[in-house]
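K.L.:
Output the structure for:
(one chain, ligands or ions: 1)
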Amino acid sequence: MRWGLATRLGGVLALVSLLMAGMTGLYAYQVARELLVQAAKDELMTATQVVARRVSDIRQDASRDLQLLAHYPASLALLQGPPAGQAAQAEQLATLFELLMSANPAYFQMRLISASSYGLERVRVDRDGDTLLRVQGDDLQEKRHYPYVSDTLKLPAGSTYLSRIVINRERGAHAGLGQPTVQMASPVTNAQGRALGVIVVNLDLKGAFTRLAADLPAEFQLFLANQQGDFLIHPDSSKTFGFDAGRRVLMQDEFPATRALVDDQVSQVVLEANTGTHASMPMVAAFLSRKVKIANGEGKIILGLAQPRSSVLNRSHALGMTILQIAGGLALTGFALALLLARWVTRPLNIMSTAVARFTPEQPIAGLPVHRQDELGQLARSFDHMQLQIRQQFTELQANRVELEHLARHDVLTGLPNRRLFMERLENALQRAKRTQSALAVMFIDMDHFKKINDNWGHDAGDAALQWVAQQLQANTRKTDTVARLGGDEFVVLLESPVQREQIDSVAQKLLDAMREPWFYDGHLCSIGLSMGISVYPENGDTADALLSSADSAMYSIKSASRNNFGFAPEG
Ligand SMILES: Nc1nc2c(ncn2[C@@H]2O[C@H](COP(=O)(O)OP(=O)(O)OP(=O)(O)O)[C@@H](O)[C@H]2O)c(=O)[nH]1
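P.N.:
Predicted coordinates for the structure are as follows:
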């Protein structure tokens, strides 16, 4: 297979464009993926901040409700007097509890607990499944020993107690039993500022976070940890409240980057988890810590949202396909452009190549792009110039060849055919004569006393005499006859188809007569005589050499006998 310049150039350019488009596409794809992951981290952090704000809102709402209830007249009335005869106030407060719990699904339980009677629950409403349950009579329990009661009673009016996040293990807690919860409480004080009891709200932590998570995209996972990093909420519930079961399941073990949060070095962190349990499914996550005032000091919760990296990068697949299509399109465009460019470059080259291949001196190269102003135009002009020179030289060579050919067959001095051409013509004439059974005659002519002319008037006079004799011989023979100079002062005449010997005589005589015409050289009259020997085919031989030799012999016979005369070779 022959790879043309266009194919190779097109191939190289297409490869380069494919490589460049591919590399650009790959780079864009990788950058896009990194941007997507970064955007996901930012989005997760924003969502985590929103969740943290909503958690804070829930706490503040509960705090407001507690203040409202602590100042509700029925609350104080219930705590000041004996239980008997307070059914109406209890009913009022319970109804209020129920209204608030209906409005706020995060409330597990609401209670009014007396400071006296070992912290006896005076009014209590529990959430039990989908219903609200009023707990009364003997089911009311003494709670004085719980910190949310004892500690709250020590607080000034208007304060709110916030417990640590714990698993609710209080007996008969209905829906809240065994669930992570936070107790919030406010003291109910009399006019003297003495706390007579507390209003307590148990917050359903898991439910609250489940509702918060419901507003987030499905692939988001929610994490909550305490200030030590113990998981309180985790998609895998077996990892929560490990300390409650005598083991620690720590956030910083699963997400090492969150150690900085536990150690209070930073307040928020975004991370990628791809080791340990996340080795098979790497995650992108955002965590933040929030300080909260809790009983006995300050605490901290750590909130986090995570999503699988694959779900983030899913979006990049479509982008990848688009980039692939763009890269493919660019590569194809590059290929097409490369082919066009290659054709644009090689077309004039092909035109020139074809034109040059067809070049002959007779047919000049046409269609060369000589008007182009680029390198190809320069090349075309060089070709054009070259062909001009070649044609000139060829014409000269041709002329030289014609001249050489003429010289090879003609006598330079007289312009007559030389011995070589004469012999060729004699051979041809013989063949024709043999075919047509016709006759021919060869006249061998030698000038008489030619040497004297040279000797008397010089070599130029001899040359002029030779030329004059040649003219006279030609002038007195037919065009079809051949007059040649064999050399020196020897001439031959070939007479084709002489019908009879008389006709040959007549020509011979005519030639002798022609020599009698006066010829002057340098003002001197010179007389020239000829001795002629004549051979005839077929009588004197059937070859050129034989006929010439016979004629030569006949000429010598004449020369020795008489000169300025002619005679026929004897028939042999
Ligand atoms: N000027 C001139 N002389 C030539 C040329 N070729 C031969 N010759 C001379 O021609 C002469 C030929 O002499 P010959 O034919 O032997 O003698 P001739 O004087 O003709 O005597 P005969 O033939 O016996 O009559 C010589 O002197 C040659 O030098 C030529 O081309 N030019």
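
K.L.:
now Ser527: how far from Gln252?
P.N.:
Ser527 is 146 Å from Gln252, where distance means CB to CB, to the nearest Å. Quick note: C-beta positions are derived from backbone N, CA and C, even for glycine.

K.L.:
Between these two, which has more neighbouring residues?
P.N.:
Taking other CB atoms under 10 Å, Ser527 and Gln252 do not tie; Gln252 has more neighbours (18 against 12).

K.L.:
How about the secondary structure of the residue in the stretch 101-250 of the chain that the ligand sits nearest to?
P.N.:
Residue nearest to the ligand within the stretch 101-250 of the chain: Glu219 (120.1 Å; CB to the nearest ligand atom). Under DSSP: H, G, I helix; E, B strand; the rest coil, Glu219 falls in the coil class.

K.L.:
Just the pLDDT at it, thanks.
P.N.:
Predicted confidence (pLDDT) at Glu219: the value is 89.

K.L.:
Check Ala6 too.
P.N.:
At Ala6, pLDDT is 68.

K.L.:
Tell me which other helices or strands the helix or strand Ala306 falls within touches.
P.N.:
Element membership for Ala306, per DSSP states H and E: strand 297-308. Judged by 3 or more CB pairs under 8 Å, 6 or more residues apart in numbering; DSSP states H and E, strand 297-308 is in contact with helix 5-70, strand 221-225, strand 283-294.

K.L.:
what's the average pLDDT for whatever helix or strand comes next after the first one?
P.N.:
Elements were assigned by DSSP H and E; along the chain past helix 5-70, the next helix or strand is helix 73-80. Per-residue confidence for helix 73-80 averages out to 91 on the pLDDT scale.

K.L.:
quick one: the helix or strand that comes right after helix 73-80 to chain centroid distance?
P.N.:
Tracing the chain past helix 73-80, the next element assigned as helix or strand by DSSP H and E is helix 87-103. Centroid displacement of helix 87-103 relative to its chain, using CA atoms, centre = their mean, to the nearest Å, is 76 Å.

K.L.:
now for helix 87-103, which elements pack on it?
P.N.:
Packing partners of helix 87-103 (3+ CB pairs under 8 Å, 6+ apart): helix 5-70, helix 73-80, strand 107-114, strand 121-128, strand 131-135.

K.L.:
Need the pLDDT of Ala544.
P.N.:
pLDDT at Ala544 comes out at 97.

K.L.:
number of nearby residues for the closest residue to it other than its chain neighbours?
P.N.:
Closest residue to Ala544 apart from its sequence neighbours, by CB to CB, 6 or more residues apart in numbering: Leu426 at 4.3 Å. For Leu426, the count of nearby residues is 23 (other CB under 10 Å).

K.L.:
what do you get for Thr240?
P.N.:
22.

K.L.:
One more: the one 5 residues further on?
P.N.:
Counted by other CB under 10 Å, the residues lying close to Ala245 total 11.

K.L.:
Would you mind measuring from it to Ser237?
P.N.:
12 Å.

K.L.:
returning to what we had before: make TSV out of the helices and strands packed on helix 87-103 and add mean neighbour count and distance to the ligand.
P.N.:
Output for the helices and strands packed on helix 87-103, formatted as TSV (neighbours: other CB atoms under 10 Å; distance: least, CB to the nearest ligand atom, whole Å):
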stretch	mean neighbour count	distance to the ligand
helix 5-70	17	64
helix 73-80	18	162
strand 107-114	27	148
strand 121-128	23	150
strand 131-135	16	153
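
K.L.:
Mind checking the ones you listed for the one nearest to Trp457?
P.N.:
With CB to CB as the criterion, Trp457 lies closest to helix 5-70 of the helices and strands packed on helix 87-103, at 74.5 Å.

K.L.:
residues touching the residue of the chain found nearest the ligand, list them.
P.N.:
Distances between the chain and the ligand by CB to the nearest ligand atom are smallest at Gly462, namely 2.3 Å. Listed by CB atoms under 8 Å, 6 or more residues apart in numbering, the contact set of Gly462 reads Phe450, Ile453, Asn454.

K.L.:
These: which ones sit near the ligand?
P.N.:
Phe450, Asn454 (CB under 6 Å from any ligand atom).

K.L.:
For the helices and strands packed on strand 297-308, could you give me CSV that also reports distance to Pro538?
P.N.:
Compiled in CSV, the helices and strands packed on strand 297-308 are given as follows (distance: least, CB to CB, whole Å):
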stretch, distance to Pro538
helix 5-70, 71
strand 221-225, 130
strand 283-294, 123
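
K.L.:
which stretch in the ones you listed is the model least sure about?
P.N.:
helix 5-70 - the lowest mean pLDDT of the helices and strands packed on strand 297-308, at a mean of 85.

K.L.:
what pLDDT does Gln192 get?
P.N.:
91.
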